[in-house]
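S.K.: Structure of the sequence below:
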Amino acid sequence: MTRFAVFDTKPYDRQTIGPLAEQAGVDIAFHEFRLDEETVPLVRDVDGVCVFVNDHLTADVIAALADSGVRLISLRCAGFNNVDLAAAQANGIRVVRVPAYSPYAVAEHAVALLMALNRKVAKAHNRVHELNFSLHGLVGFDIHGKTIGIIGTGKIGKVAAQILSGFGTTVLLYDPFPDERWAKKNGFTYLSLKELAERSDIISLHTPLTPETLHLVGPQFLRTVKRGVYIINVSRGALVDTKALIKALKKGRVAGVALDVYEEEEGVFFEDHSGHILQDDTLARLLTFPNVVITAHQAFLTEEALNEIAEVTVENMRRFAAGQKPLAGTVLEA
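M.R.: All right, here's what the predicted structure looks like:
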């Protein structure tokens, strides 16, 4: 019987994937630990592995997987920068992913973060719980009439643009592969990255992490932005040079930041560190700013998205076990 090992699992993974796998007759074993060079020796007697964003599938890990008989790597996420695709191809291992799962979940979280940052929701909530009903320091601004810059117009970026346009904003776009037809239909405008940075009051990142987008929001970009800009990132942590961002916050060039991802989040996000001293000095500094809102990579976390992730993941496992082709659009190649 074909068997799969599922790594870096949380209760919500087991609750959604488990029942579907049982219904499909797919034999799986859940593991809470991540798959990396230290844990790969534990992979035995399985035909496929299922991994998430913080698993490390380097060339060495993939070679070890191949030696143990693994022939399928299934990512239960859209991003794949943690997998050496060339090594997988060289070792005869097929790689599949969930290419899209509720773009609404991520786009809506971006807007929620913007609203929480602007209207100081967390600060106000904590005050009221302490019976402090003062409004001092809680002044926000109307999003209506502002200029929004959307960087990356894939499915999530498009949904975010459409939601934010509903506030009565001017929406500017940047993407190296622009969808001019869609933009024209919605009254949006594509600009160069520099022009978008110069004109936007609020910038929201929705682009994948590639060598070209690594630290896209870095010193040069931050010198270009309009003073007092708000920056939202629900995409990939390493799109932002965190140390450069901290400098821009200290100088007041950036008025506020809302993040659901962080470039060094591995080993921090998805875990409970309460009662412990945070060892990441950069993140610790970022958390001291009153005009910074951070959530721990939860933008995807809706019932609809989790169900879609589980359905696509289990169906590709079932097809692999049955010797059938994967779902269309889910295969990754080097």
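
S.K.: Span of stretch 30-47 from start to end?
M.R.: 14 Å (C-alpha to C-alpha, to the nearest Å).

S.K.: what mean pLDDT would you report for that stretch?
M.R.: What stretch 30-47 shows for mean pLDDT is 96.

S.K.: Please state the offset of it from the chain centre?
M.R.: Relative to its chain's centre, stretch 30-47 lies at 23 Å (C-alpha atoms, centre = their mean, to the nearest Å).

S.K.: So which bits of it are buried?
M.R.: In terms of neighbour count (16 or more other C-beta atoms under 10 Å), stretch 30-47 has its buried residues at 30-31, 34-36, 39-40, 43, 46-47. The C-beta positions use only the backbone N, C-alpha and C, and glycine is treated the same way.

S.K.: next one: stretch 43-61
M.R.: 43, 46-57, 61.

S.K.: Out of those, name the ones that lie in helices.
M.R.: Residues of the buried residues of stretch 43-61 located in helices (DSSP state H): residue 61.

S.K.: Please produce a markdown table containing the buried residues of stretch 43-61, extended by distance to residue 298.
M.R.: Shown next, in a markdown table, are the buried residues of stretch 43-61 (distance: C-beta to C-beta, whole Å):
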| residue | distance to residue 298 |
| --- | --- |
| 43 | 28 |
| 46 | 29 |
| 47 | 32 |
| 48 | 27 |
| 49 | 24 |
| 50 | 20 |
| 51 | 19 |
| 52 | 13 |
| 53 | 12 |
| 54 | 14 |
| 55 | 18 |
| 56 | 22 |
| 57 | 23 |
| 61 | 27 |
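
S.K.: Assign residue 144 to helix, strand or coil.
M.R.: coil (DSSP: H, G, I helix; E, B strand; the rest coil).

S.K.: So it versus residue 247, what's the distance?
M.R.: Between residue 144 and residue 247 the computed distance is 31 Å (C-beta to C-beta, to the nearest Å).

S.K.: next one: residue 236
M.R.: Following C-beta to C-beta, the distance that separates residue 236 from residue 247 is 21 Å.

S.K.: Same drill for residue 144 and residue 247, tell me which one is more crowded.
M.R.: residue 247 (14 against 9; other C-beta atoms under 10 Å).

S.K.: Wait, a strand at the more buried one?
M.R.: No: Residue 247: not assigned to a strand; according to three-state DSSP it is helix.

S.K.: Quick one: residues contacting it.
M.R.: Residue 247 makes contact with 219, 222 under the criterion C-beta atoms under 8 Å, 6 or more residues apart in numbering.

S.K.: Please tell me how far it sits from residue 238.
M.R.: 17 Å.

S.K.: do the same with residue 116
M.R.: On the measure of C-beta to C-beta, residue 116 and residue 238 end up 23 Å apart.

S.K.: could you list every residue that touches the spatially closest residue to residue 218 that is not a sequence neighbour?
M.R.: Spatial nearest neighbour of residue 218, excluding adjacent residues (C-beta to C-beta, 6 or more residues apart in numbering): residue 241 at 4.0 Å. Taking C-beta under 8 Å, 6+ apart, we find residue 241 in contact with 215, 217-219, 263.

S.K.: what does residue 230 give?
M.R.: 114, 117-118, 201-203, 254-258 are the contacts of residue 230 under C-beta under 8 Å, 6+ apart.

S.K.: Which helix or which strand is home to it?
M.R.: strand 229-233 (DSSP states H and E).

S.K.: State the next helix or strand along the chain beyond the strand or helix carrying residue 308.
M.R.: Following DSSP H and E, one finds residue 308 within helix 303-321. Moving toward the C-terminus from helix 303-321, the next helix or strand (DSSP H and E) is strand 331-332.

S.K.: helices or strands up against that following strand?
M.R.: With contacts taken as 3 or more C-beta pairs under 8 Å, 6 or more residues apart in numbering; DSSP states H and E, strand 331-332 sits against strand 94-96.

S.K.: What strands line up against the strand it packs on, and which way round?
M.R.: strand 72-75 (parallel), strand 331-332 (antiparallel) (DSSP bridges).
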